[in-house]
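Asks: next comes the sequence, and after it the predicted model I'd like to discuss.
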Amino acid sequence: MLKHPDPFKDLWLDLKVMANTLPRCKRSERARTEVEALLGAGCSPVWLTGHSLGASLALDVGRRMMAENGVSLPTFLFNPPQVSPAPVINALRPTEVGKRDLYATSYVLKAGLGLVLSPHRKRMEALFQRLAPWAPRLYVHDRDVVCLGFIDYFQQRQLIQERFRGVARSAMTLSYRDMLFSLVGADKERPHLLPSAMLVKNSSDCDAHGLEQWWKPDGELNLSATRYSYPGA
């Protein structure tokens with residue numbers, strides 16, 4: 001990072017990813033403008049891709065195009081950041097049962113808070129419904145703390161959906177961070193969570209966050225791919 005020609009700007013944007021305010025930055029607006037210009041000129045297909053911070057920018061543009069214009073662009077995101085307690089939880093090495101119960105309790109709590117914050121919950125559910133047909137491909141490594149949140153979010157969401165379908169459908173649209181912002185009147189234009197995705201997970205022994213891992217032939221990687229869809233989409 002420090003070898004980057006402008007590392008502090010990237011660090012500032014990383015903080016925006018954590019606060020879910022990246023959509024309002026100039027770089028995100030510039031990317032959206034360029035994509036809209038390509039689409040307006042009749043260019044097809046237009047693909048979105050990026051690594052790490054670049055993946056966050058591509059994710060924001062793709063999410064906005066789907067939510068506002070109903071345009072589902074092919075999207076390929078490598079090691080996309082996801083702010084989540086998952087790295088801390090995994091560092092504590094809980095049992096699978098303990099981890100599952102912890103997430104189930106969190107989902108029940110979020111579902112309860114969603115009843116209290118009904119306008120925010122309904123808004124998030126409507127956004128998820130609009131975004132559901134768009135399923136970006138997320139290329140993640142199971143030891144990368146940057147994108148580990150996406151792995152746990154989708155995997156635990158699926159497990160909880162099998163146990164508590166009603167709770168899971170409501171709570172999967174909610175995050176504590178966005179609910180906190182809604183309480184102080186700073187509701188976000190877009191959720192930082194995703195309703196649908198194709199999750200491609202690498203478990204190979206390599207630089208977990210490095211882009212170079214994805215240049216290798218599939219035969220040299222320990223890959224698994226799972227499609228997750230929003231219920232009813």
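Replies: Good, I have the coordinates.
Asks: okay, CA-based contacts and neighbour counts for the rest of this
Replies: Fine.
Asks: next, give phi and psi for residue 110.
Replies: phi -70, psi -40 (degrees, to the nearest 10).
Asks: burial check on it, number of neighbours?
Replies: Burial measure for residue 110: 24 neighbouring residues, criterion other C-alpha atoms under 10 Å.
Asks: show the contacting residues for it.
Replies: Contacts for residue 110 (C-alpha atoms under 8 Å, 6 or more residues apart in numbering) come out as 171, 174, 175, 176.
Asks: tell me which of those fall in helices.
Replies: Members of the contacts of residue 110 lying in helices (criterion: DSSP state H): 171, 176.
Asks: any chance of the contacts of residue 110 in a markdown table, plus pLDDT and neighbour count?
Replies: What follows is these, written out as a markdown table (pLDDT from 0 to 100; neighbours: other C-alpha atoms under 10 Å):
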| residue | pLDDT | neighbour count |
| --- | --- | --- |
| 171 | 93 | 21 |
| 174 | 92 | 22 |
| 175 | 89 | 18 |
| 176 | 89 | 12 |
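Asks: wait, residue 63 touches residue 133, no?
Replies: No: Residue 63 lies out of contact with residue 133 (C-alpha atoms under 8 Å); the separation is 10.9 Å.
Asks: higher neighbour count, those two?
Replies: residue 63 (27 against 18).
Asks: and the more buried one, which helix or strand is it part of?
Replies: helix 53-69 (DSSP states H and E).
Asks: what's the average pLDDT for that helix?
Replies: Rounded to a whole number, the mean pLDDT of helix 53-69 is 92.
Asks: what residues sit buried inside that helix?
Replies: 53-67 (16 or more other C-alpha atoms under 10 Å).
Asks: ok, now stretch 103-113?
Replies: 103, 104, 107, 108, 110, 111, 113.
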